[in-house]
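In: Return a 3D structure for these sequence lines:
(chains A and B, ligands or ions: 1)
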There are 2 protein chains.
Amino acid sequence: MPLYSQDQINLIATKIKDVRFGMFTTTDDENVLTSRPLTSQQIDNEGNMWFFTSDEAAFTLHLAHHAQVNVSFSNPEQNLYLSVSGRAYLLRDRAKARELWNPLARTWFPAGLDDPHLALIRMRIESAEYWDASASKMKQLFHL
Amino acid sequence: MPLYSQDQINLIATKIKDVRFGMFTTTDDENVLTSRPLTSQQIDNEGNMWFFTSDEAAFTLHLAHHAQVNVSFSNPEQNLYLSVSGRAYLLRDRAKARELWNPLARTWFPAGLDDPHLALIRMRIESAEYWDASASKMKQLFHL
Ligand SMILES: Cc1cc2nc3c(=O)[nH]c(=O)nc-3n(C[C@H](O)[C@H](O)[C@H](O)COP(=O)(O)O)c2cc1C
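Out: This next block holds a predicted model:
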């Protein structure tokens, strides 16, 4: 039974359509918060957001102890800001990687699906909020 | 004795010159990470980034127990991404508020300096990283 209505998923997907690069914030073992750009590949029907990552990227180690993450999408040109909170897991799933593979991903993974360090992040979305042209007003997309 | 060279401060200031709206990520008491757009007002000579906020904004309550925050700046048009980590403190300092006051701030604080809920966030920068047109390469600005 899905926890999300298809409408909620579609709304997030619509918001980030033109801003696929999110800043993905994690907490390390010293409780320091750092972020880095990651490309959102898909929002699936169960409310997971998917990313490609290298399992050699230092921040992926944070996820084991600190699954709670935030990914924010900003588009100053469109005056659109989106905050997505949830739990993230590092996965190695060749079938899913193949499903998500696209030419843009080659920028970070020149060896493509053959890269032994190519991994996936599955982020289970738990809440989302956005700010748009009316700027000062926050809209809660949903909260589980 | 300043912990930062003027060069380091200037470099961050230059990077965010055209992207003053950062996504400011905090941790709440349930360890959930949320973010919201905040306008960076100044980076002072001691390496603090300053923001205006309302002391009624729920996230300002997070700071008392979770000073560690991240603020990320994204400009997809310029292909510039910046992550700034540090500790943030909520302050009520009328003199500093007056120093930082500017017409843009009126968007969020129509009553201006007379708004009884107008407060400041002083974020002590501890590390910063950026990604620019060379996309896949991360540059460490500095790390204390
Ligand atoms: C716009 C942009 C999008 C990016 N997207 C991805 C991505 O989808 N997957 C990835 O592994 N790296 C991506 N990168 C590179 C990572 O941000 C980063 O360099 C790498 O994860 C290093 O992380 P670390 O410094 O925490 O180790 C992207 C970089 C930019 C500038």
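
In: The longest helix seen in chain A and chain B in contact?
Out: Across chain A, the longest stretch assigned as helix under DSSP state H is helix A:6-16. No: Helix A:6-16 stays clear of chain B (C-beta under 8 Å from any C-beta of the partner chain), getting no nearer than 11.1 Å. (C-beta placed from N, C-alpha, C; glycine too.)

In: That helix: how far from the chain's middle?
Out: Taking C-alpha atoms, centre = their mean, to the nearest Å, one finds helix A:6-16 lying 13 Å from the centre of the chain it belongs to.

In: Mind checking what helix or strand follows it in sequence?
Out: Next helix or strand after helix A:6-16 toward the C-terminus (DSSP states H and E): strand A:21-27.

In: Each with direction, which strands does that next one pair with?
Out: Looking at strand A:21-27 with DSSP bridges, its partner strands are strand A:33-43 (antiparallel), strand A:68-75 (antiparallel).

In: How about it and the ligand, touching?
Out: Yes: contact of strand A:21-27 with the ligand (C-beta under 6 Å from any ligand atom) involves A:Phe21.

In: pLDDT on that strand, on average?
Out: What strand A:21-27 shows for mean pLDDT is 97.

In: Flag every residue of chain A that's near the ligand.
Out: Close to the ligand, as judged by C-beta under 6 Å from any ligand atom, chain A has residues A:21, A:36-39, A:51-54, A:57-59, A:108.

In: 8 Å instead?
Out: Within chain A, the residues that sit near the ligand (C-beta under 8 Å from any ligand atom) are A:21, A:24, A:34, A:36-41, A:51-54, A:56-60, A:105, A:107-109.

In: the inter-axis angle of whichever strand in chain A runs longest versus strand A:68-75?
Out: What stands out as the longest strand in chain A, according to DSSP state E, is strand A:118-131. Orientation check (axes from the mean of the first three to the mean of the last three C-alpha atoms, to 10 degrees): strand A:118-131 against strand A:68-75 gives 70 degrees.

In: now could you export just the CA positions of strand A:118-131 as PDB?
Out: Extracted C-alpha coordinates of strand A:118-131, given in PDB (Å, rounded to 0.1, in the frame of the first residue of the first chain):
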ATOM      1  CA  LEU A 118      28.900   3.000  -9.400                       C
ATOM      2  CA  ALA A 119      26.300   2.800  -6.600                       C
ATOM      3  CA  LEU A 120      22.800   4.100  -5.900                       C
ATOM      4  CA  ILE A 121      21.300   6.100  -3.200                       C
ATOM      5  CA  ARG A 122      17.600   5.400  -2.400                       C
ATOM      6  CA  MET A 123      16.200   8.300  -0.400                       C
ATOM      7  CA  ARG A 124      12.800   7.500   1.200                       C
ATOM      8  CA  ILE A 125      11.000  10.800   1.200                       C
ATOM      9  CA  GLU A 126       9.400  11.700   4.600                       C
ATOM     10  CA  SER A 127       8.500  15.300   4.100                       C
ATOM     11  CA  ALA A 128       8.900  18.100   1.600                       C
ATOM     12  CA  GLU A 129       8.300  21.800   1.500                       C
ATOM     13  CA  TYR A 130       8.700  24.500  -1.100                       C
ATOM     14  CA  TRP A 131       8.900  28.200  -1.600                       C
END
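
In: tell me which residues of it are tucked away?
Out: Within strand A:118-131, the residues scored as buried using 16 or more other C-beta atoms under 10 Å in any protein chain shown are A:118-131.

In: just how off-centre is stretch A:113-132 within its chain?
Out: Worked out by C-alpha atoms, centre = their mean, stretch A:113-132 lies 3 Å from the chain centre.

In: Please apply the same query to stretch A:105-125.
Out: 13 Å.

In: With stretch A:29-46 instead?
Out: On C-alpha atoms, centre = their mean, the centre of stretch A:29-46 falls 5 Å from that of its chain.

In: before we move on, what about stretch A:48-61?
Out: Worked out by C-alpha atoms, centre = their mean, stretch A:48-61 lies 10 Å from the chain centre.

In: from what I can see A:Gly86 touches A:Ile121, true?
Out: No: under the criterion of C-beta atoms under 8 Å, A:Gly86 is not in contact with A:Ile121, lying 10.7 Å apart.

In: that older thread, contacts made by the longest helix of chain A with the rest, please.
Out: The contact list for helix A:6-16, computed with C-beta atoms under 8 Å, 6 or more residues apart in numbering or on different chains, reads A:22, A:40, A:43, A:45, A:47, A:73, A:80, A:82, A:84, A:125, A:128, A:130, A:141-142.
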